[in-house]
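K.L.:
Model the structure of this input:
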Amino acid sequence: MSVQFGNCHLEGEPVDLEKLGSVAGLLEPYGPDRESRHCGSSVVVLHHAFHTTEQSLREVQPHVTASGLVLTWDGRLDNREDLLRDLGLSTTPTDVEIVAAAYVAWGTDAFSKFIGDWALSMWNHRDRCLILAKDFVGSRHLYYSIEGDEVTWCTLLDPLLQAASHRLRLEQEYIAGWLSFFPAQHLTPYVGINAVPACCFVRLAKSTHTITRYWDFDPGKRISYRLDREYEEHFLNLFSQSIQRRLSSQGRILAELSGGMDSSSIVCVADRITAKFGMQRVHTVSYFNDDEPHWDEKRYFATVERMRGEIGFHIDAAQPDRPDFTEMVKTFAACPASLHYSHRLSDQLSECMNSHGSRVLLSGLGGDEVMGGVPTPVPELADLLAKGKFRVLLRQLTSWALAQRRPWFHLFFDAVREFLPAGFVGNSEDRCLATWLRTNFAQKHASARAGYESRRSLFGPLPSFQENMAALNLLRRQLSCVPLSSVPLKEERYPFLDRDLLEFLFAIPREQLVRPRQRRSLMRRALAGIVPDEVLNRNRKGFLARSHLAAIRDEWSALLAMGLPMLADQFGIVDTEAFSDCVQKIGTGGNVALFAIKRTLALEFWLRSLRLSGRIPEFDAEAAGTAPEHGLTLPLVENRSAS
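P.N.:
A predicted model of the protein is given here:
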């Protein structure tokens, strides 16, 4: 993993090199291993390395080709051997050298051939053109801003805030998305600072600014086998390949072990791989909270530890992370997701990683979304309806009705309503969890608040494929919203978000993933004998953390005294009375969207920290939705000329 920064003038004006000193100071905590830079007449590029693979030690970045192309690569290239063969290279180049050779040979078509987690920038001095690109899921960050002919880009937001020559405004749509199902991928909290979307490249030249999608899943791809065993073997091969791709590291790999199916499966399959190839075993980190009546995770991760014969690092999360309001206001953060109530758990994870020399953390993020974690028959029934397989549809309706103890016609209506216009099935506001927003703001950003949902179509891709893409886009938005952390400094890797694995999962029949009374059917069948039965057959993990509710309830008097001056009084975004009523339900056991409450509080104190830091000006009622939109929207287009 590495962080990068660049500044260029598209019309050839010289860059201001005096900015580099302060920028380097912001990058250094995230890339402490090596600093290097390239300075040209109208461009400067900085690279700060954090080595997470052995081969990255040999990289020299920024990489400059014979033709003068300046390339900076932040990533891991999983299909090195395939690219070396296709390019006819017989040496052992570094990843950045392979990427440069691929671009010289194939141009932007090369991006679709890069499998792994990556983000890159390329400056072409001859054409005075900048290209920024990210991998298919958006696992790495890359932001950019444009002021006249000057473009600045970076892995982090802070240098772009510092480089801005004017006061930045709040991006309203980002705020609406942050309070619900995460904002659109191209948005940041600031108007004029944008993020490169997943699976896209941005091309910036003197008179053009285009965003192009370079690859996408094939909705027509089908994988059909005669026997269940064939699906199981194919899945296990691809899942093992995904994990093996992510075991390359300079130090010992650390893996989350929560006791759920996702993290347990990663650890258990990783053990098979490391034993087979004589590699160092992964170490595990687990969180527990004995004060939570519904959080009995210790029982499950201890089962995996016994099977492995190795006890991992345990972090006690029993003490609630209670907000220190004074410190939250004093602490500046570039975005609301980076403003934490407490750094205690992060410090313990950092201690764990440092004690084992770990720089890589394996995460089970995405497993629930792509492996059939939600036991719903709707995508399968909708597929059968779209394909006109009514006899099979009737049989499956009967099976699911018996399994869920619901009338079959209720299930049938659930499938049919997926295709009906929104007006026939209720208001999309039903999906919005932050119910305390003022009407004007809520209506203005209804799409963001509803998770950018769209109705399923009977024509074109199968409904299950449409559902898969909706889930993947939610994960993409989530990844784009969470910034890098320097404590602990780590590279997170996501085995369930491997491109080859997802192509397989999106192409097989839905009934392989979820069956009546068989949640995660394929995963359970394929991993039987590899993951302990107690973990494979446990109920779906999920609980309401009472300690967090208690923390908010206990601090509510202080919150009432302080009010919500930014969100309610200055911006007119939140209805204080409605928010107060919702929080009061915590004490009476009412149904509360806890994460939406926590995000609202984080947002309030983030805005206060911005005001104290002088980063943004005072706002008026325009942000409430009574004035024209201030936010910048960058639709996905093939070619858009700059005005």
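K.L.:
For the rest of this, base every contact and every neighbour count on C-alpha atoms.
P.N.:
OK.
K.L.:
Give me the most central residue, the protein.
P.N.:
The centroid of the chain falls nearest to Leu479 when counting by C-alpha atoms, centre = their mean (1.4 Å).
K.L.:
okay, stretch 594-604 in CSV with CA atoms only?
P.N.:
Output of stretch 594-604 as CSV, limited to C-alpha atoms (Å, rounded to 0.1, in the frame of the first residue of the first chain):
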residue,chain,number,x,y,z
LEU,A,594,-28.8,3.2,16.2
PHE,A,595,-26.2,3.7,13.4
ALA,A,596,-28.2,6.7,12.0
ILE,A,597,-28.2,8.3,15.4
LYS,A,598,-24.5,7.8,15.8
ARG,A,599,-23.8,9.1,12.3
THR,A,600,-25.9,12.2,13.1
LEU,A,601,-23.9,12.9,16.2
ALA,A,602,-20.6,12.4,14.5
LEU,A,603,-21.8,14.7,11.7
GLU,A,604,-22.7,17.4,14.2
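K.L.:
just to revisit the earlier point, can you verify my assumption that the residue nearest to the centre of the chain contacts Gly138?
P.N.:
Yes. With contact defined as C-alpha atoms under 8 Å, Leu479 counts as touching Gly138 (6.8 Å).
K.L.:
thinking again about what came up before, what separates the residue nearest to the centre of the chain from Leu472, distance-wise?
P.N.:
Distance, Leu479 to Leu472, by C-alpha to C-alpha, to the nearest Å: 11 Å.
K.L.:
One more: Ile253?
P.N.:
Taking C-alpha to C-alpha, one finds Ile253 at 26 Å from Leu472.
K.L.:
Check Arg515 too.
P.N.:
In terms of C-alpha to C-alpha, Arg515 sits 21 Å off from Leu472.
K.L.:
Neighbour count: these two, which is higher?
P.N.:
Arg515 (21 against 18; other C-alpha atoms under 10 Å).
K.L.:
Look up the residues forming beta bridges with that one.
P.N.:
Gln518 (DSSP bridges).
K.L.:
hang on, isn't it packed against Ser521?
P.N.:
Yes. Using C-alpha under 8 Å, Arg515 is in contact with Ser521, at 6.3 Å.
K.L.:
how does the chain divide up, domain by domain?
P.N.:
According to automatic domain parsing, the chain comprises the domains 2-213, 228-371+482-536, 378-474, 546-624.
K.L.:
chain center to the first one, what's the gap?
P.N.:
In other words, domain 2-213. On the basis of C-alpha atoms, centre = their mean, to the nearest Å, domain 2-213 sits 18 Å off its chain's mean C-alpha point.
K.L.:
where along the stretch 151-300 of the chain do the strands fall?
P.N.:
193-195, 200-204, 209-213, 254-256, 283-288 (DSSP state E, counting those that start in this stretch).
K.L.:
Any chance of TSV for those strands, columns distance to Val45 and mean neighbour count?
P.N.:
Listed next are those as TSV, based on distance: least, C-alpha to C-alpha, whole Å; neighbours: other C-alpha atoms under 10 Å:
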stretch	distance to Val45	mean neighbour count
strand 193-195	18	23
strand 200-204	16	21
strand 209-213	20	19
strand 254-256	32	25
strand 283-288	36	21
